[in-house]
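# need the 3D shape of this:
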Amino acid sequence: MTRVRLADVAKAAGVSPATVSLVLNDAESRISDETKERVRRVADEVGYLPNPIARSLRTRVTGTIGLVSDRIATTPFAGRMLAGAQEVARENGRLVILVDTDGHPEIESDAISTLVNHRVDGMVYASMYHRVMPAPAGLPAGTVFLDCRPEGGGYPAVVPDDYAGGRAATQELVDAGHTRIAYIDDGDADRPVAAQLRLQGYIDVLTEAGVEPDASLHVFAETAAAGGQLAIAELMALPEDERPTGIFAFNDRIAAGVVMWAHRRGIRIPEDLSIVGYDDQQLVAAELDPPLTTVSLPHAAMGRWAMEVALGLREADTESPHLMDCPIVRRASVGPPAPLGSARDTRVTD
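Got it, this is the predicted structure:
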């Protein structure tokens, strides 16, 4: 199909190409309203579409935002970040060009270079999980870091407030009357930043409540249901008066393992054991029996914030990351602690 040219519009409208250009680009001119209306009507009738490359060279605006990520487009855990970012871009007439690198440095480097060469109007660099990292080479000034923060600052960044989230999870159990609260931590050798922040929130809330943190109640697990099952079995092997009545799990998948283990042994949740997860993971937290009380990672809100900064809709500090609130989502897995000698204690035999 032959592309309709600006000259074709000019011929059909009976004006010069320069007049068509001025009208269609809304440039200031002395052209009459009647002529402007005729040019626009003819352009619609003949199906004229402006050349986006030529327009971007002239205006230095391409209407596109580059978003480079490790795995957020291919994981069920963080896709809401992309949804939030795209929503803001769409509301402001921008198109997001996404490159998911699967964590490969060479692909990442090529992606950044290509997006810069295509003159994207802004750039967002996103991570699947909260981490501190060196800024990749070639990132343009003003690139926004999403769910990660650059070593040494220098760029705007947004991350979840995992310290406050750890506090909220622990406080939920303390407020329900629990004092024997276990934290099932991320057992990965390369522990993420979030693990230590959540642990510190847990410790600080216990201390403020007058509860001495007990090292035997801080255990590590694979961040999956299988890890949660092994961890709760270890905790419930403690002497009866040392077992936890409340569990704070590093993520919802660990919490799901705790729930599965408890169900198999006739341990009721929350009557016999209370559990708080973390992430509010789709198709996990709300689907457990009972539905899991958890801390929500604000993926969509972070995605929106990052895109708003990239588009210049809000200002951001380039030296300190913006900490996004991680709200508690109350469901049905937390209740008051069962007393010693109750059914919960006598049922645990392994």
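# ok, which stretches of the chain are strands?
64-69, 95-100, 122-133, 144-150, 157-160, 181-186, 218-221, 246-249, 274-279, 293-296, 322-324, 328-329 (DSSP state E).
# of those strands, give the one that comes closest to Met260.
Nearest to Met260 among the strands of the chain is strand 274-279 (11.3 Å), distances taken as CB to CB. Where you see a C-beta, it was placed from the backbone N, CA and C, and this is true even at glycine.
# so what strands line up beside the closest one?
Next to strand 274-279 in the sheet, as set by DSSP bridges, lie strand 246-249 (parallel), strand 293-296 (parallel).
# so what's the residue nearest in space to the middle of the chain up against?
In the chain, the residue lying closest to the centroid (CA atoms, centre = their mean) is His299, at 2.8 Å. His299 is in contact with Ala78, Gly79, Arg80, Met81, Gly84, Asp147, counting by CB atoms under 8 Å, 6 or more residues apart in numbering.
# closest one of the residues you listed to Leu283?
Nearest to Leu283 among these is Gly79, at 11.8 Å by CB to CB.
# the closest one and Gln200: what is the separation?
Per CB to CB, to the nearest Å, Gly79 is found 28 Å from Gln200.
# neighbour count winner among the two?
With neighbours defined as other CB atoms under 10 Å, Gly79 and Gln200 compare such that Gly79 has more, 18 against 14.
# so the more buried one sits against Arg71, correct?
No - taking contacts as CB atoms under 8 Å, Gly79 lies outside contact range of Arg71: 9.9 Å.
# let me see the ranges of the helices in the stretch 201-350 of the chain.
Ranges of helices in the stretch 201-350 of the chain, per DSSP state H, counting those that start in this stretch, are 225-236, 252-264, 299-310, 343-347.
# of the strands paired with strand 274-279, which is nearest Asp100?
Between Asp100 and the strands paired with strand 274-279, the tightest spacing by CB to CB is seen for strand 293-296, at 23.7 Å.
# hmm, who's touching that closest one?
Outside strand 293-296, the residues that touch it by CB under 8 Å, 6+ apart are 165-166, 168-169, 172, 252, 255, 275-280, 285, 326-334.
# list only buried entries from these.
Buried members of the contacts of strand 293-296, counted by 16 or more other CB atoms under 10 Å: 165-166, 168-169, 172, 252, 255, 275-280, 285, 326-329, 331, 333-334.
# lowest average confidence across the helices of the stretch 201-350 of the chain, which one?
Among those, helix 343-347 carries the lowest mean pLDDT, a mean of 45.
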